[in-house]
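A.B. asks: Predicted model and sequence follow; I will ask about them next.
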Amino acid sequence: MTAMTEPDAVLGLPPDDRSLFRRFGRGPTATPPFHRIHHAFESHATRSPHARAVEHEGACVTYGELDHRANVVAAELLDAGVRPGDHVGVFLTRSTHLVVGILAVLKVGAAYVPQDVRITPAAHLDHVIRTAGIEVVLTTGEHARHVRGLAAPKVLALDTVPDRRVGPPRAESGDTAVVIFTSGTTGVPNGVRVTHANLCNVLLTAPGDLGIRPGDRVAQLLNIAFDMAVWEIFGALAHGATSVIRGRDIGQTAKTATVLIATPGVLSTLDPDGCPDVRTVAVAGERCPKPLADAWSARAAFHNACGPTEVTIVNTVQRYDPRTGRLTIGRPVPNSTVYVLDQDLRPCRIGEVGEMWAGGACVTAGYLGNDVLTAQRYRPDPFLGGEHLMFRTRDLGRWTPDGELEHHGRTDDQVKVRGFRVELDAVTSALETTPGCARATTVVHDGRLVGFVSPATVDPAAATDAVAGALPYYCVPSLVVAVDDLPLTARGKVDRAALSSLVTVA
């Protein structure tokens, strides 16, 4: 990555802030050991073919067996006409078949497009197929009925592929590794093209590699269509560890893991005392409550991370130190940048809240079939110059005096209540200071603020007082509801829509 240039906007900062803007905003320089993420897996398969690669519901597959199975399916994909740069649907569930299919697609130089076939509506699957131009879908005989009738002309059931003696496929590799469909601000899913270079940069360097090594057991708990599932799967396989794939019982899977990667919502369903072997935890995908970080950091290295799919899973990470008690989203990952800018894309002064833009090696290749949205969110990077792009994250943040990023919600979480601008995350943070509160969230319902606290034993009056003591009067919720658990979406984030439906009941 080239050094930051000195555009006029930076020159407008005071000299001290100008220097800090450059220093704080740039991640360290590092060189990933591989240029294709599956090559990291293959190196371990060659060195340690008898090591455990995947466990699922009592069954185990070694690295050598997994590599062979993926080669067999890769040969089938080539026979089906899949070529480098194509997109292949992986419409499965959490399973060994899923991992085989992912590796097979990558081995032929194509990109995989994951969708959980059990819970994804047919209309959504059809949208994914059309948008990504998918010609071949991988599934199993059990789930083939969910795929029949969709737009894909070819469906390959992995459990019917006969074994045969094949070597690694001889295929060039396309740049895109995976296409992740996000929810989209308009409700229409957008396909984000994540490249091999993106993945290798984040997953094969510190801190994104989480120090994972052979012998570790990395739980795979999340929805397979979620970008963090890529972190779970290749966090294990790219480092010679075992991917322990969740069955019905999430707690049973976590119980034997040494590494957990999850959303705060999913992690909050687990008891740290029930996970005695966990040494490393990473959370991302939504705001992390400080009580959750405190509970897990007492027994494991706890990493709080942030970043939308468009900047490759996460682009900032903090190793939380419970001794300081200061939870942030950390610093930029290697070879990447973060800029805190105002609405005119000018650098904010250090300590001022602005919108975070991300640059460098984390920036993905844009949206499939949506050049207009790509042009809106991916802009030329004036700080790195050349052909570099920066991405508008819509996350709000500010730099601390020692160069860490504090998260201050999202631009779409800034709401007007009684004429005043309110940051929902700020209200949520105040709610979580209530004695006994483990998690909280805030929604706007019929023009008023409503807070939710968990567990149900939390005193709503005390929660109201906690906000009143920390924030202006217009930030105090009109209603606080105590619930046993905060409902989660299929991707493991707090389901605010479901909570809003409880307001009339409360």
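C.D. replies: Okay, I see it.
A.B. asks: Identify the residue nearest Lys493 in space, chain neighbours excluded?
C.D. replies: Closest residue to Lys493 apart from its sequence neighbours, by Cβ to Cβ, 6 or more residues apart in numbering: Glu286 at 4.7 Å. Where C-beta positions appear, they are placed from N, C-alpha and C, glycine not excepted.
A.B. asks: Would you mind measuring from Arg394 to Met356?
C.D. replies: 8 Å (Cβ to Cβ, to the nearest Å).
A.B. asks: can you check Val480 too?
C.D. replies: 30 Å.
A.B. asks: so where's this structure uncertain?
C.D. replies: Low-confidence segments of the chain (pLDDT under 70): 1-9, 151-152, 183-187, 414, 418-419, 504-506.
A.B. asks: what lines up beside the longest strand belonging to the chain in the sheet?
C.D. replies: Taking DSSP state E as the criterion, the chain has its longest strand at strand 389-399. If you go by DSSP bridges, strand 389-399 pairs up with strand 354-360 (antiparallel), strand 378-380 (antiparallel), strand 405-410 (antiparallel).
A.B. asks: ranking those strands by burial, who's on top?
C.D. replies: Mean neighbours per residue, mean count of other Cβ atoms under 10 Å, is largest over the strands paired with strand 389-399 for strand 354-360, with a mean of 25.
A.B. asks: Go ahead and name everything in contact with it.
C.D. replies: Identification of contacts with strand 354-360 by Cβ atoms under 8 Å, 6 or more residues apart in numbering yields 1, 27, 307, 311, 315, 332, 335-343, 345, 348, 379, 381, 383-384, 388-398, 405, 411.
A.B. asks: Over to stretch 486-496?
C.D. replies: Against stretch 486-496 from outside (Cβ under 8 Å, 6+ apart): 116, 119, 221-223, 225-226, 262-263, 265-266, 268, 285-286, 439, 441, 443, 452, 454, 498-499.
A.B. asks: which among those end up buried?
C.D. replies: 116, 221-223, 225-226, 262-263, 265-266, 268, 285-286, 439, 441, 443, 452, 454, 499 (16 or more other Cβ atoms under 10 Å).
A.B. asks: ok, longest helix in this structure?
C.D. replies: helix 63-79 (DSSP state H).
A.B. asks: ok, then the element right after that helix?
C.D. replies: strand 87-92 (DSSP states H and E).
A.B. asks: now the farthest one out in the chain, which residue is it?
C.D. replies: Centroid-distance maximum for the chain: Arg165 at 36.8 Å, with Cα atoms, centre = their mean.
A.B. asks: helix, strand or coil for it?
C.D. replies: coil (DSSP: H, G, I helix; E, B strand; the rest coil).
A.B. asks: how about the helices in the stretch 51-200 of the chain?
C.D. replies: 63-79, 96-107, 122-132, 144-147, 196-203 (DSSP state H, counting those that start in this stretch).
A.B. asks: angle of the longest helix of the chain against strand 87-92?
C.D. replies: Computed by axes from the mean of the first three to the mean of the last three Cα atoms, to 10 degrees, the angle separating helix 63-79 from strand 87-92 equals 130 degrees.
A.B. asks: Pull out the CA atoms of helix 63-79 and give them to me as PDB.
C.D. replies: The C-alpha coordinates for helix 63-79 follow below in PDB (Å, rounded to 0.1, in the frame of the first residue of the first chain):
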ATOM      1  CA  TYR A  63      -7.200 -32.800   5.800                       C
ATOM      2  CA  GLY A  64      -6.200 -35.400   3.300                       C
ATOM      3  CA  GLU A  65      -9.700 -36.800   2.900                       C
ATOM      4  CA  LEU A  66     -11.200 -33.300   2.600                       C
ATOM      5  CA  ASP A  67      -8.700 -32.300   0.000                       C
ATOM      6  CA  HIS A  68      -9.500 -35.500  -2.000                       C
ATOM      7  CA  ARG A  69     -13.200 -35.000  -1.800                       C
ATOM      8  CA  ALA A  70     -12.900 -31.400  -2.900                       C
ATOM      9  CA  ASN A  71     -10.800 -32.500  -5.900                       C
ATOM     10  CA  VAL A  72     -13.400 -35.100  -6.900                       C
ATOM     11  CA  VAL A  73     -16.200 -32.400  -6.800                       C
ATOM     12  CA  ALA A  74     -13.900 -30.000  -8.600                       C
ATOM     13  CA  ALA A  75     -13.600 -32.500 -11.500                       C
ATOM     14  CA  GLU A  76     -17.400 -32.700 -11.600                       C
ATOM     15  CA  LEU A  77     -17.600 -28.900 -11.800                       C
ATOM     16  CA  LEU A  78     -15.200 -28.800 -14.700                       C
ATOM     17  CA  ASP A  79     -17.200 -31.500 -16.400                       C
END
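A.B. asks: Show me what that helix packs onto, helices and strands only.
C.D. replies: Counting contacts by 3 or more Cβ pairs under 8 Å, 6 or more residues apart in numbering; DSSP states H and E, helix 63-79 packs against helix 37-47, strand 52-56, helix 96-107, strand 154-157.
A.B. asks: Name the residues that touch that helix?
C.D. replies: Here helix 63-79 has contacts from 41-42, 44-45, 48-54, 61, 88, 96, 99-101, 103-105, 107-108, 110, 136, 138, 156, 158, 161, 163-164, 166-169, 171, 240, using Cβ under 8 Å, 6+ apart.
A.B. asks: in what helix or strand does Leu502 lie?
C.D. replies: Going by DSSP H and E, Leu502 is in helix 496-503.
A.B. asks: in that helix, what's buried?
C.D. replies: Here helix 496-503 shows 496, 499, 503 as buried, counting by 16+ other Cβ under 10 Å.
A.B. asks: and these as CSV, adding distance to Glu76?
C.D. replies: Below are the buried residues of helix 496-503 laid out as CSV (distance: Cβ to Cβ, whole Å):
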residue, distance to Glu76
Arg496, 43
Leu499, 45
Val503, 52
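A.B. asks: Out of those, flag the one nearest to Arg18.
C.D. replies: Arg496 (39.2 Å; Cβ to Cβ).
A.B. asks: State the distance from that closest one to Val415.
C.D. replies: 12 Å.
A.B. asks: picking that back up, wait, the residue nearest to Lys493 touches Leu267, no?
C.D. replies: No: using Cβ atoms under 8 Å, Glu286 makes no contact with Leu267, being 10.6 Å away.
A.B. asks: List the contacts of Gly285.
C.D. replies: Gly285 touches 226, 228, 263-265, 491-493, counting by Cβ under 8 Å, 6+ apart.
A.B. asks: what's the farthest-apart pair in the residues you listed?
C.D. replies: Phe226 and Pro264 (13.7 Å).
A.B. asks: how near is Gly403 to Gly240?
C.D. replies: 33 Å.
A.B. asks: If you count surrounding residues, which of those two has more?
C.D. replies: Legend: neighbour count by other Cβ atoms under 10 Å for Gly403 and Gly240, higher for Gly240 (22 against 15).
A.B. asks: Tell me the secondary structure at the more buried one.
C.D. replies: Applying three-state DSSP: Gly240 is coil.
A.B. asks: For it, give me its contacts.
C.D. replies: With Cβ under 8 Å, 6+ apart, Gly240 has these contacts: 44, 47-48, 51, 63, 213-214.
A.B. asks: Grab the two from the residues you listed that are most spread out in space.
C.D. replies: Once Cβ to Cβ is applied, the contacts of Gly240 give Tyr63 and Arg213 as the farthest pair, at 14.1 Å.
A.B. asks: Those two: who's more crowded?
C.D. replies: Ranked by neighbour count (other Cβ under 10 Å), Tyr63 and Arg213 place Tyr63 first, with 25 against 12.
A.B. asks: returning to that earlier point: which one of the contacts of Gly285 sits closest to Thr31?
C.D. replies: Met228 (24.6 Å).
A.B. asks: gap between the residue lying closest to the closest one once chain neighbours are set aside and Ala284?
C.D. replies: Among residues not flanking Met228 along the chain, Leu222 sits closest, at 5.3 Å (Cβ to Cβ, 6+ apart). Per Cβ to Cβ, Leu222 is found 11 Å from Ala284.
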